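K.L.:
need a structure here:
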Amino acid sequence: GLTIVVEAVDVVQPALQKEVELRGLRDQQVENLELQIKDLRSDLCEIMTLKVKPRLASLEREASETRRRLLLLPTCSVAGEHTGSCRHCRSNRGSATFRAASPDGEE
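P.N.:
Numbering: from 1, shown residues only. Modelled structure (predicted):
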């Protein structure tokens, strides 16, 4: 009985050893692939950042220009109210637009 077990182990031993080697290789390949994926993700992130930076800069310039333009608008044209405290209305006191839009008809 023991001889049969020893013979069976001797027959199966090379196959088991090969299986251990193959699993070790597979595990190493999986680790290598995971590292490659991590590197690819990092590269992709860098590429996306490089693509987005010019667009972001353009949007920031556009926002600054829009803010500048809004600051130049008369406040009465935004609020729809013409008052003496409005710098646009003060500078146009004698204009027909101010007289027509002024609630108290002042000049």
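K.L.:
please count neighbours and contacts with C-alpha atoms only from this point.
P.N.:
OK.
K.L.:
check what contacts stretch 34-50 and list those residues.
P.N.:
Taking C-alpha atoms under 8 Å, 6 or more residues apart in numbering as the criterion, no residue outside stretch 34-50 touches it.
K.L.:
now it: mean pLDDT?
P.N.:
Computed over stretch 34-50, the mean pLDDT rounds to 95.
K.L.:
and residue 72, what pLDDT?
P.N.:
82.
K.L.:
what about it, neighbour count?
P.N.:
By the criterion of other C-alpha atoms under 10 Å, residue 72 has 10 neighbours.
K.L.:
begin at 889, not 1, for the rest of this chat.
P.N.:
Yep, numbering from 889; the last one is residue 960 now.
K.L.:
quick one: it from residue 953, how far?
P.N.:
Taking C-alpha to C-alpha, to the nearest Å as the measure, residue 960 falls 11 Å from residue 953.
K.L.:
please report how far residue 946 lies from residue 952.
P.N.:
Distance from residue 946 to residue 952, counting by C-alpha to C-alpha: 10 Å.
K.L.:
and for residue 896?
P.N.:
82 Å.
K.L.:
residue ranges of the helices in this structure, please?
P.N.:
890-960, 963-967, 975-979, 984-989 (DSSP state H).
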